[in-house]
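# can't give you the sequence, but here's the structure:
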Ligand SMILES: [Ca+2]
Ligand SMILES: [Ca+2]
């Protein structure tokens, strides 16, 4: 099951503020030249509060940071890009805010840097398939027409972790690792990589794990890939072809308020 950092641990860690910054202060974001401090200055941002800072490397053997969002751009540490989207392109009437391809906000987790914050409502036009989505791709050419899978050895890790807070009412909120066709030929439909399975086979619902306080959510592959069906594929195959991570809110008349920060892969001891 999903793992939360115990509150007592958080209180203890708050004392060790400096060392706890080693992940969120990590410059390993693939965006040389855009230091955190530029944004902190731009937003008047010395850290407001260091209460309850979590060491996001605690309790695991290895963490690979994909993005702490602090440089404010839409590019992550592996050259992929972030996108905010809703179902309007598919005939839906859901509304996501900010209604732009990507925007981060300050401050982020820990009262510093930046994070993703999306709010919105799902409509009814798609009769239950209405959705809002946050996506980060895992390769600079992950999108069509090249549909290039990640170069990260995903099987080396045990799951995806991120800081989150907010709430999700009336619809389901998932982390999804879609299984899609790769390569430059016969791989795309309507500008998107062809999905090889129903994404219900590679997702975990984390709505119940979300609270109004920043929480470290660790979602293991065994939870993401726990469903079985006749056309199931081996997790290793899904991971090898992986092009994106999706935070997916689906259902009619749902209401979402979701913050995301410090997205990373983790490996257990
Ligand atoms: Ca951040
Ligand atoms: Ca970035």
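Thanks, I have the structure now. None of these values were measured; they are calculated from a predicted model. Ligands and ions are numbered 1, 2, ... in the order given.
# from here on, contacts and neighbour counts on C-alpha atoms
Fine.
# Verify the stated contact: residue 106 with residue 112.
Yes - using Cα atoms under 8 Å, residue 106 makes contact with residue 112 at a distance of 7.0 Å.
# Who has more neighbours out of those two?
A count of neighbours by other Cα atoms under 10 Å puts residue 112 above the other of residue 106 and residue 112, at 24 against 21.
# count of residues packed around the closest residue to residue 87 other than its chain neighbours?
Leaving out its chain neighbours, the residue that sits closest to residue 87 by Cα to Cα, 6 or more residues apart in numbering is residue 131, at 5.6 Å. By other Cα under 10 Å, the residues close to residue 131 number 31.
# Quickly list what residue 131 is bridged to.
Beta-bridge pairing of residue 131 under DSSP bridges involves residue 250.
# give me every residue that touches the residue lying closest to residue 243 once chain neighbours are set aside.
With Cα to Cα, 6+ apart as the criterion, residue 243 has its nearest non-adjacent residue at 4.7 Å, and that residue is residue 149. Shown in contact with residue 149 (Cα atoms under 8 Å, 6 or more residues apart in numbering): 138-139, 142, 182-183, 240-243.
# show me what contacts residue 92?
Taking Cα under 8 Å, 6+ apart as the test, what residue 92 contacts is 86, 123-126, 130.
# Could you point out which of those residues is nearest to residue 163?
Closest approach to residue 163 among those (Cα to Cα): residue 86, at 22.1 Å.
# how about the residues of the stretch 51-200 of the chain near ligand 2?
Residues of the stretch 51-200 of the chain lying near ligand 2 by Cα under 5 Å from the ion: 69, 73, 75-76.
# which of those residues are close to ligand 1?
Applying Cα under 5 Å from the ion to these, one finds that residue 69 fall near ligand 1.
# Closest to residue 159 out of the residues of the stretch 51-200 of the chain next to ligand 2?
Lowest distance from residue 159 to those (Cα to Cα) belongs to residue 76, with 17.7 Å.
# For beta bridges, what are the partners of the closest residue to that closest one other than its chain neighbours?
In space, and not counting its chain neighbours, residue 76 is closest to residue 67: 5.2 Å by Cα to Cα, 6+ apart. For residue 67, the beta-bridge partners under DSSP bridges are residue 263.
# Residue 67 and residue 161: what is the separation?
For residue 67, the distance to residue 161 equals 11 Å [Cα to Cα, to the nearest Å].
# Spit out the residues that contact the two alike.
262-264.
# Out of the residues you listed, which is nearest to ligand 1?
Nearest to ligand 1, judged by Cα to the ion, of these is residue 262 at 5.8 Å.
# That closest one: what's it in contact with?
Residue 262 is in contact with 23-24, 65-69, 161-163, counting by Cα under 8 Å, 6+ apart.
# 6 Å - rerun?
67-68, 162-163 (Cα atoms under 6 Å, 6 or more residues apart in numbering).
# now residue 86
131-132.
# Assign the residue lying closest to residue 154 once chain neighbours are set aside to helix, strand or coil.
The shortest distance from residue 154 to any non-neighbouring residue, by Cα to Cα, 6+ apart, is to residue 239 (5.7 Å). Applying DSSP: H, G, I helix; E, B strand; the rest coil to residue 239 yields a three-state assignment of helix.
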